[in-house]
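Q: got a predicted structure plus its sequence, pasted below:
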Amino acid sequence: MTGAKAQNATAISVGLRRRLLYYFPTIAIAIAVIALWEIIVLIFNIQQFLLPRPSAIFAEFMLQVDLWLRPDERSILFDAGGATFWEAFGGFAIGCGGGILVALITSRWTIVSEATMPFAIAANSVPIIAFAPIMNNWFGITNPASKMAIVSIIVFFPTMINTVRGLTLVDLNQLELMHSYAATPAHIMFKLRLKNALPYIFSALRVASALSLVGAVVAEFFGGPRATLGVYITQEASAFDFAKAWTAIMLASLIGISFYLVVLIAERRLMPWHVSFREAD
Amino acid sequence: MGWGALFMIAIAASGINKIFNPGSDAEVVALQDVNLEVEAGEFISLIGPSGCGKSTLMRLIGDLLAPSSGELLVNGMPPHEARQRRQYGMVFQAATLYEWRSVITNVELPLEVMGYPKAERRALAQDKLRMVELADFAEHYPWQLSGGMQQRVSIARALVFDPSVLLMDEPFGALDEFTRERMNLELLKIWRQTGKTIVFVTHSISEAVFLSKRIVVMSPRPGRITEIVDNTLPYPRDFNTRSDPAYHELVAKVRDLLRDAAGTDSTGADEVE
């Protein structure tokens, strides 16, 4: 018993060490880039408004964190982060949910999905962000729905295209097996096609998680309430308070990365069998 | 001919033609005037070079394709009805296991589709896994198994709902020689235990001779049956069978038949090794 336990503990520490070794180059590069940035700004005496030092950005960020943590104060930056996150997340949920739903419905009829795919692929190549001013007119510039609409259109097409591919690119023999069991269309859909589509759907969701935040922030550049990241960045930048603008960029990055990681964790939970998660022996 | 004789016949094909893309430039006569009777419980092999229509014939029997003309009966029923009544177990060259399912839930899949209760599903699947000697691997995932083991799971899955006909399309074609010979022995054992009618598509002469009671030799362009060879080697067959002179005579005979079949076709004379 104790032997097995000790062995287990060794296995964990070995795994941890291997993981640290694996991520070491990434962490080292991140630290090196930040250090280089700081040194270059110092040596060449670059003006604050052109490029603030990382330490200044970090100090400003900690100030905002401090404000945010005080019950009697407000941090506009964190209010903005929250507002933008909800726009991105709302658009992500509506757009991806809609994309998957439409794919499920159209793939039921091969003719319909084959007829709609070229349109979806064409729409996917359109710079949808260009519609942001129009959405501002439709929904109202301060209404978060105008940003959610843009985000949901941006993520809809890649999600739909990938889901249709996953539902239709099923191994022929696997389909023949289902036919030999005299399976109903519902069985084929839920026991085969949908499972087959999961890896495709998740690769779309990962892209969509990043796109949704980009879409929300850029849509806010075209106008919106004060407490949103896009507006915050444009206003602080035009006021030459670049450290503040950079903290907003930093917060947007943090939200984007966290969002991506949440999707990645959900993916590992929902399809632990997938080839990309298999540990090498 | 009485009813008794009729029910002894598992598969009856008469005057079967199958033409792909009829009337177009891509028209292919996959099968021409195929006549074949397979007895219930018989082990029959379909052999021939690629393009001879052996897989097509198997797919017609299993109602995965429909014949262009001719009559086909499986246990006295049209193939479509036989399929609706779940008379077919299928095994392909690739194990085609669902990678998101464990070994045992893969074997349970047909039972799930057919609406068996959970406890019964589990018991039947465990029983079949024992038969292919993989009971200890029930909770493994397909990618953790070797090719031969995956194919055994696939055979267990094909048999779990007790179909009367087992259709096998080059099931051991992707395995190495040693594993293939072991699988041949295991398949004969399973056949003896279950008494299924087996239609076995292969391009290995030695495999066809070792396994089957009759060997259907086919030739391409158009796909047709050139000869049906009776295999009188006694069952049970084992490792010694392969050193029996009668075995080697049969292998030589089938090889000659395949060469003749290719020889009648002026364009494909060099295709059979």
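A: Noted; the coordinates are in hand. A quick note: this is a predicted structure, and the numbers were derived from the prediction, not measured.
Q: now do the helices in the stretch 151-281 of chain A.
A: A:172-180, A:185-187, A:194-221, A:229-238, A:242-270 (DSSP state H, counting those that start in this stretch).
Q: can you get me a residue count around residue B:38?
A: Counted by other Cβ atoms under 10 Å in any protein chain shown, the residues lying close to residue B:38 total 22. The way it works is simple: take the backbone N, C-alpha and C, and place the C-beta from them, glycine included.
Q: repeat that for residue B:230.
A: Neighbours around residue B:230, by other Cβ under 10 Å: 8.
Q: quick check: buried residues in stretch B:65-79?
A: Within stretch B:65-79, the residues that count as buried by 16 or more other Cβ atoms under 10 Å in any protein chain shown are B:65, B:67, B:70, B:72-75, B:79.
Q: could you dump these into JSON lines with pLDDT added?
A: Listed next are the buried residues of stretch B:65-79 as JSON lines, based on pLDDT from 0 to 100:
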{"residue": "B:65", "pLDDT": "93"}
{"residue": "B:67", "pLDDT": "94"}
{"residue": "B:70", "pLDDT": "93"}
{"residue": "B:72", "pLDDT": "94"}
{"residue": "B:73", "pLDDT": "93"}
{"residue": "B:74", "pLDDT": "93"}
{"residue": "B:75", "pLDDT": "91"}
{"residue": "B:79", "pLDDT": "94"}
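Q: of those residues, which pair is most distant in space?
A: Taking Cβ to Cβ, the two most distant members of the buried residues of stretch B:65-79 are B:65 and B:75; they sit 18.7 Å apart.
Q: what does chain B have sitting close to chain A?
A: B:62-64, B:83-86, B:88-90, B:92, B:94, B:96, B:98-101, B:109-110, B:112-114, B:141, B:143, B:161, B:167 (Cβ under 8 Å from any Cβ of the partner chain).
Q: any idea how far the helix or strand harbouring residue A:79 is from the chain center?
A: Counting by DSSP states H and E, the element that carries residue A:79 is helix A:76-107. Centroid displacement of helix A:76-107 relative to its chain, using Cα atoms, centre = their mean, to the nearest Å, is 10 Å.
Q: what's the angle between it and helix A:194-221?
A: Interaxial angle, helix A:76-107 versus helix A:194-221 (axes from the mean of the first three to the mean of the last three Cα atoms, to 10 degrees): 140 degrees.
Q: quick check: mean pLDDT across helix A:76-107?
A: The average of the pLDDT scores along helix A:76-107 is 93.
Q: so where is the stretch 151-273 of chain B shaky, pLDDT-wise?
A: In the predicted model of the stretch 151-273 of chain B, residues B:263-273 satisfy pLDDT under 70.
Q: right, I mislabeled it, should have said chain A
A: Scanning chain A with the threshold set as pLDDT under 70 gives A:1-12, A:275-281.
Q: could I get the helices of the stretch 151-281 of chain A as CSV with mean neighbour count and distance to residue A:137?
A: Shown next, in CSV, are the helices of the stretch 151-281 of chain A (neighbours: other Cβ atoms under 10 Å in any protein chain shown; distance: least, Cβ to Cβ, whole Å):
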stretch, mean neighbour count, distance to residue A:137
helix A:172-180, 18, 48
helix A:185-187, 12, 43
helix A:194-221, 22, 13
helix A:229-238, 20, 17
helix A:242-270, 17, 25
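Q: that older thread, just checking, what packs against the helix holding residue A:79?
A: Secondary-structure packing of helix A:76-107 (3 or more Cβ pairs under 8 Å, 6 or more residues apart in numbering or on different chains; DSSP states H and E): helix A:54-69, helix A:110-124, helix A:144-168, helix A:194-221, helix A:229-238, helix A:242-270.
Q: nearest to residue B:12, of these?
A: helix A:110-124 (34.4 Å).
Q: what's in contact with that closest one?
A: For helix A:110-124, contacts defined as Cβ atoms under 8 Å, 6 or more residues apart in numbering or on different chains pick out A:103, A:106-107, A:157-158, A:160-161, A:164, A:168.
Q: list the buried ones in that helix?
A: Going by 16+ other Cβ under 10 Å, helix A:110-124 has these buried residues: A:113, A:116-117, A:120.
Q: the helix holding residue A:79 relative to helix A:54-69, how many degrees between them?
A: Angle of helix A:76-107 versus helix A:54-69, following the same axes, to 10 degrees, is 90 degrees.
Q: please name the residues that touch residue A:42.
A: Residue A:42 is in contact with residue A:53, counting by Cβ under 8 Å, 6+ apart.
Q: one more: residue B:19?
A: B:27-30, B:68.
Q: then residue B:114?
A: Neighbours of residue B:114 in contact, by Cβ under 8 Å, 6+ apart: A:181, B:86, B:161.
Q: how about the residues of the stretch 151-281 of chain A near chain B?
A: Counting by Cβ under 8 Å from any Cβ, the residues of the stretch 151-281 of chain A close to chain B are A:171, A:173-174, A:176-184, A:187, A:191-192, A:195, A:198, A:271, A:273-275, A:278.
Q: who's in contact with residue 149?
A: Let's take chain A. A:91, A:135, A:138-139.
Q: chain B was what I was after
A: With contact set as Cβ under 8 Å, 6+ apart, residue B:149 has these partners: B:134, B:137.
Q: you'd agree it is in a strand?
A: No: Residue B:149: not assigned to a strand; according to DSSP: H, G, I helix; E, B strand; the rest coil it is helix.
Q: helix, strand, or coil at residue B:36?
A: strand.
Q: for it, name its beta-bridge partners.
A: Residue B:36 has these beta-bridge partners by DSSP bridges: residue B:13.
Q: phi and psi next, for the residue lying closest to residue B:85 once chain neighbours are set aside.
A: Leaving aside its sequence neighbours, residue B:85 sits nearest to residue B:77 (Cβ to Cβ, 6 or more residues apart in numbering or on different chains; 7.2 Å). The phi/psi pair for residue B:77 (degrees, to the nearest 10) reads phi -120, psi 160.
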